[in-house]
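Participant: sequence and predicted model, in that order:
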Amino acid sequence: MRIGFIGLGNVGGKLAGSLLRNGHAVVVRDLHPALVAEFVARGATAADSPRELAETVDIVITCLPSPAASAAVAEGPDGFLPVLRAGQVWMEMSTTDYAEVLRLGALVEAQGALFMECPVSGGCHRAETGNISIFAGGPREGFERVLPVLTTLGRRVLHTGPLGTASRLKVMTNYLCTVHLVALAEALTTCKAVGLDMNTTYEAIRISSGNSFVHETESQVILNGSRDINFTMDLVAKDIGLFDDLARDAGVALEMSPLIVRLFDEARATYGDREFSPNIIRRYEEPLGLKVLGTGFPADMVDDEPEEPGYEVVPRR
């Protein structure tokens, strides 16, 4: 089985690497020639366009930064949608708009192909180790069909239901992640300002009811000074905006979400779209003239979860 992968960025490149590492025949496409060349050197084949890629593979996987980017590679001048054939699969692993998922899914089905939305959660470091979580939306028979590929890419796989369910759950989890990040930025800065030791503060949060996945990962890159989570403020703004739109369309009067959207809009205006997202803490550090740092935190992201073999298909209750 040949798998085509479009989008070799921070997350997509890690996922495509897992496919290569596990012996899959992979055809790649990206707008950055250097990324493509890197994968060719590792054993992948390059395609000159999304259409050419789709003509030579059984499964097309996309992992792209926005709904517009996904639509462009599918429907653009060299898009792959017109050449999808019966029996072929498109796995959309981007974080995208559920309405766009439904629209594209209908077009794929009209071609006789299978469309599955498969957004991932857990960050670049878990994508690299095949330890990421995957939400899969689409028909159950389609889920069973792509499950062998999903379990190559991720440790925990949840079938969320029909098309549109996975994308909505994904933007919800990204919203929660962002809320946790802002709360941690405020908590860590406050503890620094009152003179508490930051290593002790980190451990106090980690062993208490205040702990979270975000603390165990993103607090480390805050305290080691790198602030490098391979995720930027423009991508955060896109994700939390999708959640805010979802709630608004459902008539849910949210209070915290508009505040978080505003905080990141202001941060983008101040620090730039491509600033690493943990640097939201600069909003709190800079007026006080301090830097929130610990000692002994590694320069690279640490994932404390033990590396156990296998995978888990999470039951849908």
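Facilitator: Arrived safely.

Participant: residue 195: neighbour count?
Facilitator: By the measure other C-beta atoms under 10 Å, the count of residues near residue 195 is 6. Heads up, the C-betas are built off the backbone N, CA and C, glycines and all.

Participant: tell me the contacts of it?
Facilitator: With contact set as C-beta atoms under 8 Å, 6 or more residues apart in numbering, residue 195 has no partners.

Participant: so how far is stretch 239-246 from its chain's centroid?
Facilitator: In terms of C-alpha atoms, centre = their mean, to the nearest Å, the centre of stretch 239-246 is found 15 Å from the chain centre.

Participant: who touches it?
Facilitator: Residues outside stretch 239-246 that contact it (C-beta under 8 Å, 6+ apart) are 95-98, 168, 171-172, 174-175, 178, 254, 257-258, 260-261, 264.

Participant: and with 6 Å instead?
Facilitator: With contacts defined as C-beta atoms under 6 Å, 6 or more residues apart in numbering, stretch 239-246 is touched by 95, 97, 171-172, 174-175, 178, 257, 260-261.

Participant: separation between residue 128 and residue 20?
Facilitator: 12 Å (C-beta to C-beta, to the nearest Å).

Participant: typo on my end, it should be residue 262
Facilitator: From residue 262 to residue 20 the distance is 42 Å (C-beta to C-beta).

Participant: got it, and residue 61?
Facilitator: For residue 61, the distance to residue 20 equals 13 Å [C-beta to C-beta].

Participant: of the two, who's got more company?
Facilitator: Set residue 61 next to residue 20 and count neighbours by other C-beta under 10 Å: residue 61 wins out with 27 against 17.

Participant: which SS class is the more buried one?
Facilitator: Under the three-state scheme (DSSP: H, G, I helix; E, B strand; the rest coil), residue 61 adopts strand.

Participant: thinking again about what came up before, most widely separated two among the contacts of stretch 239-246?
Facilitator: Across the contacts of stretch 239-246, the longest distance by C-beta to C-beta is 18.3 Å; it joins 97 and 260.

Participant: element containing the residue nearest to residue 239 when sequence neighbours are not counted, please.
Facilitator: Nearest residue to residue 239 in three dimensions, chain neighbours excluded: residue 174, at 4.0 Å (C-beta to C-beta, 6 or more residues apart in numbering). Assigned by DSSP states H and E, residue 174 falls within helix 165-193.

Participant: pLDDT on the following helix or strand past that helix, on average?
Facilitator: Sequence order places helix 198-206 as the next helix or strand after helix 165-193, per DSSP H and E. Computed over helix 198-206, the mean pLDDT rounds to 97.

Participant: quick one: low-confidence ranges for the stretch 101-250 of the chain?
Facilitator: For the stretch 101-250 of the chain, no stretch is flagged by pLDDT under 70.

Participant: could you list every residue that touches the residue lying closest to residue 126 once chain neighbours are set aside?
Facilitator: Spatial nearest neighbour of residue 126, chain neighbours left out: residue 132 (4.3 Å); criterion: C-beta to C-beta, 6+ apart. Applying C-beta under 6 Å, 6+ apart, we find residue 132 in contact with 120, 122, 126, 154.
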